[in-house]
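> sequence and predicted structure are below.
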Amino acid sequence: MELIDDKGAILATATGRIEAGTRGVQFPIVSQSVTAPLHLVARAKSAGSGFDGRGEVVVATGTLVRAPILYRATPSPRSPLRPVADFLFRRNERLHVEWPVIGALDQRLVRILDRRGLPLPLNATLTEREVDGAPAIAVDLNLAPLAEGDYVLDLEIGRGSTKEHALVAFRVVR
């Protein structure tokens, strides 16, 4: 995997392995402060074939939390979290989202919205924790009660008079 700036210079590279039975891998990238646009080139190889993918990196613009990191797991709280490569989930899975926090927060609320933006009467577990020595807000949502369809996880956070919504759209299939 390579992170490339708009002039074609390679800013960072990473390699990883997608374990059997999983659908994604997480690449921690350490890079200097850079400005957009950034491009990502990913290459996957197996015994007899390969795949090249390209995409644009969107830099989060929030002032209270950074871009979310998504994981999937079984509904058991002891189940290992696996990084998400796509935002498609099965009803027998649990969605886990972590937002690295920028400074202290004094307001936090999470809601599940349907495709029309209306809140659903579902509870998601909202916790604060440390991830790699930095504060983060984590949300866990068991997907079993949801029908197939499109949903949005709406994290409303605030510090004093500053308020933000961090939204994550996802789809439940089968």
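Perfect, thanks for sending it. Residues are numbered from 1 along each chain as shown.

> in terms of helices and strands, where is the residue lying farthest from the centre of the chain?
Going by Cα atoms, centre = their mean, the residue of the chain most distant from its centre is Gly48, 30.5 Å out. Of the helices and strands defined by DSSP states H and E, none includes Gly48.

> now do Phe51
Per DSSP H and E, the secondary structure element for Phe51 is strand 50-57.

> which residues are contacting whichever helix or strand comes after that strand?
In the C-terminal direction, the helix or strand that comes right after strand 50-57 (DSSP H and E) is strand 69-73. Contacts with strand 69-73, where a contact means Cβ atoms under 8 Å, 6 or more residues apart in numbering, come from 23, 26, 79-84, 87, 89, 93-100, 168, 170. Backbone N, C-alpha and C define where each C-beta goes, glycine included.

> how does it look with 10 Å?
With contacts defined as Cβ atoms under 10 Å, 6 or more residues apart in numbering, strand 69-73 is touched by 22-24, 26, 79-90, 93-100, 131, 136, 138, 140, 142-143, 153, 168, 170.

> what distance separates that strand from the centre of its chain?
Computed by Cα atoms, centre = their mean, to the nearest Å, the chain-centroid distance of strand 69-73 equals 6 Å.

> now do that strand, average pLDDT.
In this model, strand 69-73 has an average pLDDT of 94.

> one more: stretch 117-137?
In this model, stretch 117-137 has a mean pLDDT of 92.

> okay, how far is it across it, tip to tip?
The stretch stretch 117-137 measures 22 Å between its terminal residues, going by Cα to Cα, to the nearest Å.

> for that stretch, list every residue counted as buried.
Neighbour-count burial for stretch 117-137 flags Ala124, Pro135, Ala136, Ile137 (criterion: 16 or more other Cβ atoms under 10 Å).

> okay, domains of the protein per the record?
Domains of the chain are assigned by automatic domain parsing as 2-57, 69-173.

> can you list the weak-confidence ranges in this structure?
Under the criterion pLDDT under 70, the flagged ranges of the chain are 21-24, 26-36, 58-60.

> picking up where we left off before, can you list which of the buried residues of stretch 117-137 are found in helices?
Per DSSP state H, helices hold no members of the buried residues of stretch 117-137.

> need the max-distance pair from those.
The span of the buried residues of stretch 117-137, defined through Cβ to Cβ, is set by Ala124 and Pro135 at 18.9 Å.

> hmm, Arg91 and Val173 touching each other?
Yes. Val173 is within contact range of Arg91, at 8.1 Å (criterion: Cβ atoms under 10 Å).

> right, I'll leave it there.
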